[in-house]
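[1] Sequence plus the predicted model coming up.
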Amino acid sequence: MNRLINRISVIAFLASIALVTTSCGNHSNPQTPIVEPEPDPVPDPKPEPIPVVNPGDPRSDLTADELAAFHRGREMFVKRFKPSEGLGPLYNATSCSSCHSKPVPGGASDLYRNFYVASWGFTPFLFNLPGLPSPVVPAFGSTLNAPFSLENGRTLIPEMINTVPVASDQRNGIPVFGTGLFELISDATILANADPDDADNDGISGRVNADGAGVGRFGSKSQSNNIELFTRAPLFNQMGITSDPVQGSAGTISLGHGALMQGSSTPNASTVDNDGVADPEISTQDLSDLIAFSRFLAQPQKKVFNSAAIRGEQTFAQVGCVACHIPSLESSKGPVEAFTDLLIHNMGPGLAGQVSFGTPQPSSIDPVTTEAEWRTAPLWGASNVAPYLHDGRAPTLLDAILLHGGEGAASRTAFQALSATQQEDILEFLGHL
């Protein structure tokens, strides 16, 4: 009997335990907290690496077809033409990269690559000097009716032709990196920064230059409106390679018809010569690809600013350099941070040349010609493209600053008044663009 009672007690005890366990499993006890397991921590997303853009790289926004044209165009840019392919009869170089190779194809030119431009007569000047097809004076071939020889060197440009005065200047090659973006900047944006009469009395009277009706963007005097014009002209003038237009006047930016200042009187005209090779001496496809290379070269990439460059950027603005070297111009693809206004400025008698190009915006304080005026040089990638100024006379950026005159004189004076450390900061800033 006692065993039966004990067995029943044990069973009841076990049943009570089971009841409690079931109750807990059904979460029926509101006083028992439920602790959920901690989720695995989600790591912070890693920032996307900034792609490295090297000089000579294509832009990152190109379509597959544009990229293919860019690479074909690069082959044309470095191609060394032969007389049998149309080189000459008058020429300064055998390839585009002869004058645009520093530090890579598409870049700048060493001083020894300088070329000459000349005009003769009185206003309006004549650019077709006797015996020459354009203002560019060739070093090779028959120049001014005198044969070139290694013994005599480059033909001297006379001071008079038929009792008419001759004007001449030197030019240094201009880097092409990123300049295709200038085609995406509207005329209105460029004109908004022009002040041809210096209405605000700040001493800066920049004005647009034009190749006929099209506002200029390219060249040492902003005398060309688009890359096709600025490609076909040196192709003919520097190498004697003839071509037919690709877009012609239809490629003019924003405004209608522009005039080709070198090599042809109109963008719709073919260039021709009499060297015995059939014209055109470059096919439309090859010319299109060559234009694509220049148009699609990537803009220089800024280096990561150090503390000196950060200070230098502020001081650069404080001394007034940004009045002309505007940090950014808006384009249809966003800001173009080239540090230029694409306008021409009177830089004083020390930098004045003798030859005028283009049709400048009317001004009450500047003449109708552009001998003393130069395009505001873009500063992006400046550390890679010495020498500086239109004729390469400045071996360093410091030299270029100190040679500023005219509209740049006030900023030069302000720079000279800075401490040595502040001047070094500005140069450090420029070296990081």
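    Good, I have the coordinates. Residues are numbered from 1 along each chain as shown.
[2] Tell me the spacing between the residue nearest to the spatial centre of the chain and residue 118.
    Closest residue to the average C-alpha location of the chain: residue 179 at 3.1 Å, with C-alpha atoms, centre = their mean. From residue 179 across to residue 118, the span is 25 Å (C-beta to C-beta, to the nearest Å). All C-beta spots, glycine's among them, are computed from the backbone N, C-alpha and C.
[3] Same check on residue 52?
    43 Å.
[4] higher neighbour count, these two?
    residue 118 (22 against 7; other C-beta atoms under 10 Å).
[5] For that one, which three-state class applies?
    Classification of residue 118 using DSSP: H, G, I helix; E, B strand; the rest coil returns strand.
[6] Any idea what it is bridged to?
    Applying DSSP bridges to residue 118 gives these bridge partners: residue 168.
[7] Does it touch residue 157 like I think?
    Yes. Between residue 118 and residue 157 there is a contact under C-beta atoms under 8 Å: 5.5 Å.
[8] residues bridging contact with those two, i.e. touching both?
    Shared contacts of residue 118 and residue 157 (C-beta atoms under 8 Å, 6 or more residues apart in numbering): 137, 166, 168.
[9] For the second one, grab the count of nearby residues.
    The number of residues packed near residue 166 is 21, by other C-beta under 10 Å.
[10] Assumed it was part of a helix.
    No. Counting by three-state DSSP, one finds residue 166 to be strand, located in no helix.
[11] how about it, what does it touch?
    118, 119, 120, 129, 157, 158, 159, 160.
[12] Check what pLDDT the closest residue to the last one other than its chain neighbours gets.
    For residue 160, the nearest residue in space outside its immediate sequence neighbours is residue 166; the separation is 6.3 Å by C-beta to C-beta, 6 or more residues apart in numbering. If you check residue 166, the pLDDT there is 90.
[13] Tell me how far residue 289 lies from residue 298.
    When distances are taken as C-beta to C-beta, residue 289 and residue 298 turn out to be 17 Å apart.
[14] Do a quick rundown of the strands in the protein.
    115-120, 136-137, 142-143, 146-147, 160-161, 164-171, 210-211, 214-215, 329-331, 334-336, 344-346, 373-375 (DSSP state E).
[15] ok, residue 365 - how many residues close by?
    By the criterion of other C-beta under 10 Å, residue 365 has 10 neighbours.
[16] for residue 273, that is, sorry about that
    Residues near residue 273, counting by other C-beta under 10 Å: 17.
[17] Just to check, it is in contact with residue 91?
    No. Assessed by C-beta under 8 Å, residue 273 is found out of contact with residue 91, at 10.3 Å.
[18] tell me, what's touching the two both at once?
    Listed as contacting both residue 273 and residue 91 by C-beta under 8 Å, 6+ apart are residue 240.
[19] who touches residue 244 in this structure?
    By C-beta under 8 Å, 6+ apart, residue 244 lies in contact with 270, 280, 284, 287.
[20] Which of those fall in helices?
    284, 287 (DSSP state H).
[21] Which among the contacts of residue 244 count as buried?
    Neighbour-count burial (16 or more other C-beta atoms under 10 Å) is assigned, among the contacts of residue 244, to 280, 287.
[22] Any stretches of this structure with poor pLDDT?
    By pLDDT under 70, the weakly predicted segments of the chain are 1-51, 123-128, 142-155, 212-213, 254-266.
[23] where do the helices sit along it?
    2-25, 64-78, 187-192, 227-239, 284-296, 307-318, 397-402, 409-416, 420-431.
[24] Output the contacting helices and strands for the last one.
    In this structure, helix 420-431 packs against helix 307-318, helix 397-402, with contacts taken as 3 or more C-beta pairs under 8 Å, 6 or more residues apart in numbering; DSSP states H and E.
[25] if you set the cut-off to 6 Å instead, what comes out?
    helix 307-318 (3 or more C-beta pairs under 6 Å, 6 or more residues apart in numbering; DSSP states H and E).
[26] buried set for the helix it packs on?
    So for helix 307-318, counting by 16+ other C-beta under 10 Å, buried means 308, 309, 311, 312, 313, 315, 316.
[27] contacts for that helix?
    Residues outside helix 307-318 that contact it (C-beta atoms under 6 Å, 6 or more residues apart in numbering) are 422, 425, 426, 428, 429, 432.
[28] Just among those, which is most surrounded?
    Among the contacts of helix 307-318, residue 426 has the most neighbours (other C-beta under 10 Å), with 25 neighbours.
[29] what's the spacing between the residue nearest to residue 404 when sequence neighbours are not counted and residue 190?
    The shortest distance from residue 404 to any non-neighbouring residue, by C-beta to C-beta, 6+ apart, is to residue 412 (4.2 Å). From residue 412 over to residue 190 the distance is 24 Å, taken as C-beta to C-beta.
[30] Residue 421 now?
    In terms of C-beta to C-beta, residue 421 sits 36 Å off from residue 190.
[31] Neighbour count: those two, which is higher?
    residue 190 (22 against 11).
[32] ok, the more buried one to residue 211 distance?
    14 Å.
[33] what's the answer for residue 231, then?
    In terms of C-beta to C-beta, residue 231 sits 13 Å off from residue 211.
[34] Of the two, which one has the most company?
    Taking neighbours as other C-beta under 10 Å, residue 231 and residue 211 compare with residue 211 leading, 29 against 26.
[35] beta partners of that one?
    According to DSSP bridges, beta-bridge pairing links residue 211 with residue 214.
[36] Max pairwise distance over the contacts of helix 307-318: which two?
    422 and 432 (15.9 Å; C-beta to C-beta).
[37] burial count for the residue nearest to residue 339 when sequence neighbours are not counted?
    Among residues not flanking residue 339 along the chain, residue 379 sits closest, at 3.7 Å (C-beta to C-beta, 6+ apart). Around residue 379 there are 21 other residues, counting by other C-beta under 10 Å.
[38] do the same with residue 192
    Residues near residue 192, counting by other C-beta under 10 Å: 12.
[39] now residue 285
    12.
[40] Roughly how far does it sit from residue 296?
    Distance from residue 285 to residue 296, by C-beta to C-beta: 16 Å.
[41] cool, residue 133 as well?
    Separation of residue 133 from residue 296 (C-beta to C-beta) stands at 29 Å.
[42] next one: residue 418
    According to C-beta to C-beta, residue 418 stands 39 Å off from residue 296.
[43] Show me which of the two is the more surrounded one.
    residue 296 (23 against 15).
[44] circling back: residue 403 is in contact with the residue nearest to residue 404, correct?
    No. Applying C-beta atoms under 6 Å, one finds residue 412 not in contact with residue 403, separated by 8.1 Å.
[45] out of those two, which sits in the busier spot?
    Legend: neighbour count by other C-beta under 10 Å for residue 412 and residue 403, higher for residue 412 (20 against 17).
[46] Alright, that wraps it up for me.
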